[in-house]
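Participant: build the 3D model from these lines:
(chains A and B)
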Amino acid sequence: MKPTKQEYQESRFLTIQIKQLLFFGLLAIGCLIGLLWFFRPTDSQLEKRNLTEFPKLTLEGLMDGTFFNDESDPLHPRGLSTWYADTYPFREQLIDLNTKLQSHYGDRSERLVNGGTADEIPTGTVDLEALAAQAGKDTTEASEPPASTNPSQPVHTDNGSTPVTTEPATPETTEYSGHGAADVDGDATQVDDIYLLNGAGYGVYYFNQSDSEDYCRKTNQLAKNLEGKAQLYCMLCPISAGVMLSEETRNKIGCSDEAKAAEWIYQNMDASVKTVSMVNTLKAHNDEYIFFRTDHHWTALGAYYAYREWCKVKGITPHELDFFEKTYTFEGFLGTFYSKSGKDPSMAKNPDTVYAYVPNGTNSMTFYTKYNSDHYNEYSWRIVNDVSSYPRSELYGTFAGGDPPYAHAHNEEITDGSSVLVIKDSYANAFIPFLIDHYEHVYWVDFRYYAKWCNQMGYTPTISALVEREGIQDVILCQNISFIGSSKLQDIMK
Amino acid sequence: MVFSSLFFLFVFFIANYIAQALMPDIRKKNIVMLAFSLVFYSCAGLGCLAIMLGLTFVCWYGALLISRRKIQREKKNILIGCVAVVLLVLGIFKYTGFFLRNFQTLFGVPEVIPNIILPIGISFYSFQLLSYVIDVYRGDAEVQEKYWLLLLYASLFHQCIAGPIVRYRDVNHDILHRKVKMAELSRGITRFAVGLAKKAILANGCAAVVNGALGLGKGDPLTTALVEGTSVIGMWLVMIAFTLQIYLDFSAYSDMAIGMGLMCGFHYKENFNYPYTADSVTDFWRRWHISLSTFFRDYVYIPLGGNRCSKSRHILNLLVVWGLTGMWHGASWNYILWGLYYFVFLVIEKYKVDTGRIAKPLRHMITMLIVMFGWVIFKFEDIGQLWAALKGLFGLNGNPLTGNSTVFANNAYFLIFCIFAVTPISKHIGSMLKNLSRQNLVWLHVYNVLDAALPVLLLFLSTMALAGNSFNPFLYFQF
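Facilitator: Here you go, the predicted model:
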């Protein structure tokens, strides 16, 4: 039926009224939500970073416009406009919705998140000092931006909304109720370059020559300082793409050969450093569950194979897996790859399971954390902790108390006075429990936060100082190979 | 401040709309618009604002003098003075660094090149001011006695930063007498929402494809090594996605400006007319950034004699116009090259090839290839990268045909959607629905529901897209 002219006009008039109401209504709602300052999050658990802070009002900032918008650092834009969007209430829910929309942009079963470029891996040894001089580069100069606040403050919110406080299963202290010392910080050493295939993420490694040379120099310096005091071991842990993917796929995504890279780095280390090659061993087991699909870490099983390689180098007999009497199983783990992929729906369908082996000698440790305080305080904890009540993104926190700046375990079953120190990032967490049954004392320090802790305690922040203080015999550098360029190694590798 | 930001949408825009709608008369509305525009522009820095205030003053005073002098020669001298000042300021801020860098390359001096920051939008608003003074001189526009009203014209936040380059004579009436009509408000809302979605969802999505195909990680700088390492198919994908991106990005800004104008009674001329449907290079330039090409036509090309002169003079005129067009886009050789590239094709079309004799589909394909290669020149400011990109398109970098990237498969449907979005298909569907709605009650309801729901839906989708993408300036901001 054809509408009359009057019908048409009335109907259109009404429509335009509704259209206005809807459009300006949504803008007004958006405006009101933006005013809910108490809903504005300050950090993102999803992205593991502190969100943009409200800018300081300065005359200079107003004159050059950086108060409103400052993109001088493209990775961390600042200013009022960025702050407004970055801390907008319900931002993460909006991002989730957008990710769902984008999952229909094409076939996303295989994709590369971020990505980068690798240097060619050279062959043979190089003159590290000459290279450093040639580059005109002061090796004591940090190359990374300074870390922001409170790196090791435990996180007790999930998605920035619902506060979750977890009582430990068998509380050894009533004060501490965090999740171990997790890192939510720009300093967190996570794998950003991820290859996604059918719901599994693979950390992609790009060899960087100058970082590798720097790392060799630092290690050699440390070895020299430890001479006659302790034996230095170096374990560069591979990230998953180099182990789990075929050479063809690795070449396709431009991922460097991790075995070759580690070999070259080891080659350029001082002969006194005992190096542990593990890529090929792990590759031989890559049909087993040695890396998480939704997280950048290896599983306890992956760390176990690395531990066996270390035993070979050390010349001791490793424990078999059935040696461990108590084990834990935590289901439903969705780790950093899940959040970095923008909560890839195919990952959520097939989450990870965290298996953990409790050491026999002792499961007790002490560590320092800034939980609920500006200062580091010491707490008792468990080396392998029951994390079944943790948020599902935090289950890797079962191992070794997360990432505390300083931790210690005393195994009273062994009384020979033996001791080991692990200089670690989060990769070593899954490895440390296997060391417990070999030493009377196991110490571990997270190189990202150790200097800050020493600062508070009034200690010299170097490894050699700690070795002397505690009379340590073995020192193991255990960290993931893609973060050997961290500026945080600078102060302590002495 | 960028239109595609949550701060603009949920603070600035809504506040501006309410404030100006509440004002009872045009004078107060103008005061509100000026105040908001100055705040908007101040976000780029108070230093930039001072330059704009100064240039506007020069043009306001110059035009006033021109209108009051009786002797033609005096008028002309004042005009020349005004134009010279504006071009000098534009030249200093835009080209000093470029000129000194080239001078340094050739002669080794000066040793230090000052880092001059380009005041945002200066290329756009200085051209608006030039058009005003020249039009007053020619008698094509009325003189504006009030400084603040001319400042409103130059600084109006709708178009001050990235066009369209609005002529004073086209908005003079709106500044003094504008009224909002219901039908125009409705069109404005849709136009703004479409523009916002075009930028926030489509253009930013295409940008991600371009970066992905180049293997560019977040925050990484583009390097020659990256461009050289891109596979042949990857480089074609870069070219196609950038072609889509630049149109979607730039036309989105114009859409939003035109839409916001309509919402409060301003009528800006169209800046784009589906340029990728062009079937010759000449046709493309009638459809692309219309306000810029008509500016050069009216204020440079025709005064030089246009095409009503000898063949060699005509070619010289074209060369001047296209050299300037290239230079206007940026102080870098690639933009000048890009302008001259079009000069060559326009001369060929004018004097060598009768495009009418080529079948239309083929003509369109050839035009698009020319345009797409043009965008490659436009995209890579670094000459080394540009050369690597051009070689890469023909497989001369020694790369395999297919590359290391899954970016195409990840975005296949999205890119197809974008290709539809740059054609007039949706416009045709819209007018078809409108016609049907006049014929049939059912269709009227369908049309009404879509018309009311589309803007709010697009606004919501854009908010989603912008939430995780806090920083996404428009490409044309840099010019």
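
Participant: quick one, domains of the chain?
Facilitator: You didn't pick a chain, so chain A it is. Using automatic domain parsing, the domain ranges for chain A come out as A:31-102, A:157-492.

Participant: my bad, chain B
Facilitator: Domain ranges of chain B: B:6-178, B:184-467, per automatic domain parsing.

Participant: and those as TSV, adding distance to chain A?
Facilitator: C-beta: built from backbone N, CA, C; applies to glycine. Formatted as TSV, those follow (distance: least, CB to the nearest CB, whole Å):
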stretch	distance to chain A
domain B:6-178	3
domain B:184-467	4
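
Participant: of all these, which lies closest to residue A:117?
Facilitator: Nearest to residue A:117, of all the domains of chain B, is domain B:184-467, at 6.2 Å by CB to CB.

Participant: can you give me the end-to-end span of that closest one?
Facilitator: Using CA to CA, to the nearest Å, the end-to-end distance of domain B:184-467 comes to 30 Å.

Participant: so residue A:339 sits against residue A:393, correct?
Facilitator: Yes. Contact criterion CB atoms under 8 Å: residue A:339 and residue A:393 qualify, at 6.8 Å.

Participant: what helix or strand is whatever residue of the stretch 151-300 of chain A ends up closest to chain B on?
Facilitator: The nearest approach of the stretch 151-300 of chain A to chain B comes at residue A:254, 4.8 Å away (CB to the nearest CB). Here residue A:254 sits in a region with no helix or strand, counting by DSSP states H and E.

Participant: need the pLDDT of it.
Facilitator: Per-residue pLDDT puts residue A:254 at 80.

Participant: low-confidence ranges, the stretch 351-479 of chain B, go.
Facilitator: Residues of the stretch 351-479 of chain B that meet the criterion pLDDT under 70 lie in B:403-405, B:470-479.

Participant: let me fix that, I meant to ask about chain A.
Facilitator: Ranges of chain A meeting pLDDT under 70: A:45-49, A:74-75, A:115, A:132-190.

Participant: chain center to the longest helix seen in it: distance?
Facilitator: Using DSSP state H, we find that the single longest helix of chain A is helix A:5-35. Once both centres are worked out by CA atoms, centre = their mean, to the nearest Å, helix A:5-35 turns out to sit 47 Å from its chain's centre.

Participant: check the gap between the residue in chain A that chain B sits nearest to and residue B:42 for me.
Facilitator: Nearest residue of chain A to chain B (CB to the nearest CB) works out as residue A:65 at 3.2 Å. Noted for residue A:65: a distance of 8 Å to residue B:42, by CB to CB, to the nearest Å.

Participant: tell me which of these two has more neighbours.
Facilitator: Taking other CB atoms under 10 Å in any protein chain shown, residue A:65 and residue B:42 do not tie; residue A:65 has more neighbours (23 against 19).

Participant: let me know whether the more buried one touches residue B:43 as I believe.
Facilitator: Yes. Assessed by CB under 8 Å, residue A:65 is found in contact with residue B:43 at 6.3 Å.

Participant: mutual contacts of these two, please.
Facilitator: Common contacts of residue A:65 and residue B:43, defined by CB atoms under 8 Å, 6 or more residues apart in numbering or on different chains, are absent altogether.

Participant: can you give me the strands in the stretch 201-350 of chain B?
Facilitator: Taking DSSP state E, counting those that start in this stretch, the stretch 201-350 of chain B contains no strands at all.

Participant: show me the shaky parts of it.
Facilitator: Regions of the stretch 201-350 of chain B meeting the criterion pLDDT under 70 cover residues B:217-219.

Participant: count the residues that sit near the nearest residue to residue B:447 once chain neighbours are set aside.
Facilitator: Spatial nearest neighbour of residue B:447, excluding adjacent residues (CB to CB, 6 or more residues apart in numbering or on different chains): residue B:437 at 3.8 Å. Burial measure for residue B:437: 22 neighbouring residues, criterion other CB under 10 Å.

Participant: contact partners for residue B:437?
Facilitator: A:3, A:8, B:443-444, B:446-448.

Participant: wait, which of those residues is closest to residue B:269?
Facilitator: residue B:447 (26.9 Å).

Participant: got the buried residues for stretch A:328-346?
Facilitator: Neighbour counts over stretch A:328-346 (16 or more other CB atoms under 10 Å in any protein chain shown) mark A:328, A:330, A:333-344, A:346 as buried.

Participant: if we can go back for a sec, nearest to residue B:460, out of the domains of chain A?
Facilitator: Ranking these by proximity to residue B:460 (CB to CB) places domain A:31-102 first, at 9.0 Å.

Participant: which residues are in contact with stretch B:318-331?
Facilitator: For stretch B:318-331, the external contacting residues (CB under 8 Å, 6+ apart) are B:94-95, B:97-99, B:123, B:292-293, B:296-297, B:300-301, B:304, B:335-340, B:342-343, B:346-347, B:350, B:378, B:381, B:478-479.

Participant: same thing with stretch B:391-407?
Facilitator: Contacts of stretch B:391-407 (CB under 8 Å, 6+ apart): A:110-112, A:115, A:251-254, B:209, B:212-213, B:215, B:227-237, B:239, B:373, B:376, B:388.

Participant: cutoff 6 Å now
Facilitator: By CB atoms under 6 Å, 6 or more residues apart in numbering or on different chains, the residues outside stretch B:391-407 that reach it are A:110-112, A:252-254, B:209, B:212-213, B:228, B:230-235.

Participant: what about that stretch, start to end distance?
Facilitator: With CA to CA as the measure, stretch B:391-407 spans 21 Å from end to end.

Participant: now that stretch, how far from the chain's geometric center?
Facilitator: Computed by CA atoms, centre = their mean, the chain-centroid distance of stretch B:391-407 equals 31 Å.

Participant: which other helices and strands contact the longest helix of chain A?
Facilitator: helix B:182-197, helix B:441-467 (3 or more CB pairs under 6 Å, 6 or more residues apart in numbering or on different chains; DSSP states H and E).

Participant: for the last one, which positions count as buried?
Facilitator: By neighbour count on 16+ other CB under 10 Å, the buried set for helix B:441-467 is B:443-444, B:447-448, B:451-452, B:454-456, B:458-467.

Participant: for that helix, packing partners?
Facilitator: By 3+ CB pairs under 6 Å, 6+ apart, helix B:441-467 packs against helix A:5-35, helix A:91-102, helix B:182-197, helix B:425-439.

Participant: among the ones you listed, which is nearest residue A:482?
Facilitator: Closest of these to residue A:482 is helix A:91-102, at 24.7 Å (criterion: CB to CB).

Participant: packing partners for that closest one?
Facilitator: Using 3+ CB pairs under 6 Å, 6+ apart, helix A:91-102 sits against helix B:441-467.

Participant: relative to helix A:91-102, how tilted is the helix it packs on?
Facilitator: In terms of direction (axes from the mean of the first three to the mean of the last three CA atoms, to 10 degrees), helix B:441-467 departs from helix A:91-102 by 120 degrees.

Participant: let me know the secondary structure of residue A:329.
Facilitator: Here residue A:329 is recorded as strand under DSSP: H, G, I helix; E, B strand; the rest coil.

Participant: can you give me the neighbour number for residue 323?
Facilitator: Let's take chain A. When neighbours are defined as other CB under 10 Å, residue A:323 has 12 of them.

Participant: I was thinking of chain B, sorry if that wasn't clear
Facilitator: 14.
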